[in-house]
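S.K.: here is my input, please return the structure:
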Amino acid sequence: MIVRLPSNRPARRFYRGGRQITDFRREAPAGSHEPEDWVASCTTAFGEREVGLSRLPGGALLREEIAADPVRWLGHAHVARWGADPQLLVKLLDAGQRLPVHAHPDDAFAAERLGHAHGKAEGWYILRGGWVHVGLRRPVAASELHDLVENQDTAALLDLLHTVPVQPGDVVWIPPGELHAIGEGVLLLELQQPEDLSILLEWRGFELDGARDGHLGLGFARALEAVNLNRREPAELARLVQHAPFTARSVSVFPPEADPFVRLERHRVTDAGRLATGFAVLVVTLGVLEVAGERAPAGSVFLVPAAEGEVLVAGEGEVLVARPPAP
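M.R.: Residues are numbered from 1 along each chain as shown. As a prediction, the model looks like this:
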């Protein structure tokens, strides 16, 4: 059956935020440092045993339920390729302050240097706009970037990046290795590979010991090898940041290069329709809908097992459908 999920907010993250999430979810206000809602998560925070994992309404860990019956949750084709790994982590993220300039490793780096199954590619759907910082405005030598980190020259680090305005309905694709930061006040839905791997280049003003924790235990000289040092041309930037169209069934709003990692559908609902079969997270963003016969105002979040088949959605509004890569 389809599961309505409450928020799952790991406490004491290193940056401020959370109230926009609880307002959106129609829940009691968050603490000052609960800026992320880890939706349908089988992923733990870096270095933790259980922090970040989602529990189903009865109290069971979703990770254990999927492991016990992966075909029901993920579908035969998915399990044949990836086993019980859902290949997806969805988050709501409320930037109560600008996030630090950071990047994430790719699959090869994560496997070879960290022993993790995935890197971290990610895509965002903007729910409340502002500014984001994405990609280098000029090529940068590794030695220069290392010096900026060592000296904590935060102004120079941020100045390296393109600053781009975003509004609700925009999507941003962040390939592994891409330097980026999210501006204060932005609320977004994030789809990513199921890892918590961040290389943090700045930490002044954050509840973070970046010199100790910013490099994934590798030291910055090695960690920065995961960073793309090439300039992003305007045409490339336009592919990374664009407005999301409404889509038909299983068409993703992210650029095609995101398909091996994550997929996101955006559906306008004006009467009734069916969403395609498959493991998915549904997020109602506008209006009041009925999802499988259950009333779902904006802010409602549902987890759909593959065995549920097509999902009937009715009413007036908008729903986002987050999916893993197609097997």
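S.K.: confirm A80 sits in a strand?
M.R.: No - A80: not assigned to a strand; according to DSSP: H, G, I helix; E, B strand; the rest coil it is helix.
S.K.: E64: what secondary structure?
M.R.: Reduced to three states with three-state DSSP, the structure at E64 is helix.
S.K.: what residues of stretch 203-212 count as buried?
M.R.: Along stretch 203-212, these residues count as buried under the neighbour rule (16 or more other CB atoms under 10 Å): 203, 206, 208, 210. The way it works is simple: take the backbone N, C-alpha and C, and place the C-beta from them, glycine included.
S.K.: would you check which pair of those lies furthest apart?
M.R.: F206 and G210 (7.5 Å; CB to CB).
S.K.: who touches both of the two?
M.R.: Taking CB atoms under 8 Å, 6 or more residues apart in numbering as the contact rule, the neighbours common to F206 and G210 are P100.
S.K.: what about P86, how many neighbours?
M.R.: Using other CB atoms under 10 Å, P86 has 23 neighbouring residues.
S.K.: surely it is in a helix?
M.R.: No - under three-state DSSP, P86 sits outside any helix and is assigned coil.
S.K.: spit out the contact partners of it.
M.R.: If a contact means CB under 8 Å, 6+ apart, then P86 has 40, 42, 66, 73-74, 194, 279, 324 as its contacts.
S.K.: could you flag which of the residues you listed are buried?
M.R.: Applying 16+ other CB under 10 Å to the contacts of P86, the neighbour count classes 40, 42, 66, 73-74, 194, 279, 324 as buried.
S.K.: for H133, state which of the residues you listed is nearest.
M.R.: When those are ranked by distance to H133 (CB to CB), P194 comes first, at 24.6 Å.
S.K.: surely the closest one and A45 touch.
M.R.: No - here P194 does not reach A45: they are 11.9 Å apart, not a contact under CB atoms under 8 Å.
S.K.: quick one: common contacting residues for those two?
M.R.: Going by CB under 8 Å, 6+ apart, no residue sits against P194 while also sitting against A45.
S.K.: what ranges do the helices span in the stretch 101-250 of the chain?
M.R.: The residue ranges that make up the helices of the stretch 101-250 of the chain, judged by DSSP state H, counting those that start in this stretch, are 107-109, 142-151, 154-159, 210-213, 220-223, 234-240.
S.K.: which stretch among those comes nearest V134?
M.R.: For the helices of the stretch 101-250 of the chain, the distance to V134 is smallest for helix 234-240, at 5.8 Å, taking CB to CB.
S.K.: tell me the buried residues in that closest one?
M.R.: Within helix 234-240, the residues scored as buried using 16+ other CB under 10 Å are 237, 240.
S.K.: so can I have a markdown table of the buried residues of stretch 203-212 showing distance to R55 and pLDDT?
M.R.: A markdown table is the format used below for the buried residues of stretch 203-212 (distance: CB to CB, whole Å; pLDDT from 0 to 100):
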| residue | distance to R55 | pLDDT |
| --- | --- | --- |
| W203 | 31 | 96 |
| F206 | 28 | 93 |
| L208 | 27 | 92 |
| G210 | 31 | 95 |
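S.K.: centroid residue for the protein?
M.R.: To find the centre residue of the chain, average its C-alpha atoms and take the closest one (CA atoms, centre = their mean): that gives E190, at 2.6 Å.
S.K.: the least confident helix or strand in the chain by mean pLDDT packs against which elements?
M.R.: The element with the least model confidence among the helices and strands of the chain, by mean pLDDT, DSSP states H and E, is strand 272-275, at a mean of 93. With contacts taken as 3 or more CB pairs under 8 Å, 6 or more residues apart in numbering; DSSP states H and E, strand 272-275 sits against strand 263-269, strand 311-323.
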